[in-house]
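Chemist: A structural model of the following input is requested.
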Amino acid sequence: MSLVAKIKEKYWTLHSSQKNRSRRRAAPQLPPIVLQASGYCPVCSTNVQFSARDAWLRENYQCSNCGSVPRERALFVTLEKYFADWRRSTIHESSPVNRGASKRLAEDSRHYISSQLFPNVALGEMVDGVRCENLERLTFADDSIDLHITQDVLEHVLHPSLAFREIARTLKPGGAHIFTVPIPNESKPSKVRARIDERGEILHLAEPVYHGNPVSEKGALVTVDWGFDICQHIFAACGLFTHLICIDDETRGIKGELLHVLVTLKPGAAVADTDPIP
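Modeler: Coordinates of the predicted model:
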């Protein structure tokens, strides 16, 4: 091999090695898995792997098939146990996301209505198949919805009493509001973090905290840190009783913090099965 050929070979070997090292440096390093287990996902009805790369399991212990997290799976166990006929029900879901429970509801329910609160859109109008709705001022008729479903929405409402009242008004007799909401205060009183002042502006009563918002990059402001007295707040607002359900089931990937499911019932037709959830 000529001297020139040897120099070229050395150059390309060195260049290739540098590129590979650069690629290795550029590759994102995923955090280590903190929990992993096999089980049955009640959302996608599949035997799957559940895994989390963050100790906050509530939002990170994901299903390998549908991407659901524990609170969604807890909601679906509740739905299937107490409202097994949900596929034929008129369901309204406020602020769904494109995964897990919301996706399954949209695919399998014959009468599924999804809504978001879009800025600068009239209430009741449609945007790409999604209805514009404000939980505090719903445009649905009285007694028109079998099931209202909200997943981690009611910690972002500025006037929750109005929302509870509107949900009750629009539920059919025998209908229910099935929802998840973080209850960080548990046995302490609920704490208001933000409200509207007399000028119509948001007044922060605690350090602002934002959660993800599917229709806004700014996120959704947390307005209430709920306690277990949320059931009393609902009754005071609309006169309906609320059941608080807590499920801890490793076999179905329901493991983590603040996984309560709440069910507010409107009197009417009897619920099909009132046995305790196993």
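Chemist: give me the low-pLDDT residue ranges for the stretch 1-150 of the chain?
Modeler: Low-confidence segments of the stretch 1-150 of the chain (pLDDT under 70): 1-27.
Chemist: go ahead and confirm Met208 touches Gly219.
Modeler: Heads up, residue 208 is Pro, not Met. No: judged on Cβ atoms under 8 Å, Pro208 makes no contact with Gly219 at a distance of 9.5 Å. The C-beta positions use only the backbone N, C-alpha and C, and glycine is treated the same way.
Chemist: right, and Gly219 touches His211 too?
Modeler: Yes: in this structure, Gly219 is within contact of His211 by Cβ under 8 Å, at 6.0 Å.
Chemist: all helices in the stretch 151-278 of the chain, in order from the N-terminus.
Modeler: 160-170, 230-238 (DSSP state H, counting those that start in this stretch).
Chemist: the longest one - what's its average pLDDT?
Modeler: Averaging pLDDT along helix 160-170 yields 98.
Chemist: okay, the angle between that helix and helix 230-238?
Modeler: Interaxial angle of helix 160-170 relative to helix 230-238 (axes from the mean of the first three to the mean of the last three Cα atoms, to 10 degrees): 70 degrees.
Chemist: quick one: list the elements packing against helix 160-170.
Modeler: strand 145-151, helix 230-238, strand 261-265 (3 or more Cβ pairs under 8 Å, 6 or more residues apart in numbering; DSSP states H and E).
Chemist: tell me which of these is the most buried.
Modeler: Stretch with highest mean neighbour count among those: strand 145-151 (a mean of 24; mean count of other Cβ atoms under 10 Å).
Chemist: quick one: contacts of it?
Modeler: 71-72, 75, 79, 83, 86, 89-97, 101-102, 105, 113, 135, 167, 170-172, 174-181 (Cβ atoms under 8 Å, 6 or more residues apart in numbering).
Chemist: tell me the angle of it relative to strand 261-265?
Modeler: 160 degrees.
Chemist: so what's the gap between strand 145-151 and the chain middle?
Modeler: Centre-to-centre, strand 145-151 and its host chain are 13 Å apart (Cα atoms, centre = their mean, to the nearest Å).
Chemist: so what strands line up beside it?
Modeler: Strand pairing for strand 145-151, using DSSP bridges, gives strand 90-94 (parallel), strand 171-180 (parallel).
Chemist: kindly reformat those strands as TSV containing mean neighbour count and distance to His148.
Modeler: Below are those laid out as TSV (neighbours: other Cβ atoms under 10 Å; distance: least, Cβ to Cβ, whole Å):
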stretch	mean neighbour count	distance to His148
strand 90-94	23	5
strand 171-180	22	4
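Chemist: could those strands be laid out in CSV, adding distance to Leu265?
Modeler: Formatted as CSV, the strands paired with strand 145-151 follow (distance: least, Cβ to Cβ, whole Å):
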stretch, distance to Leu265
strand 90-94, 16
strand 171-180, 5
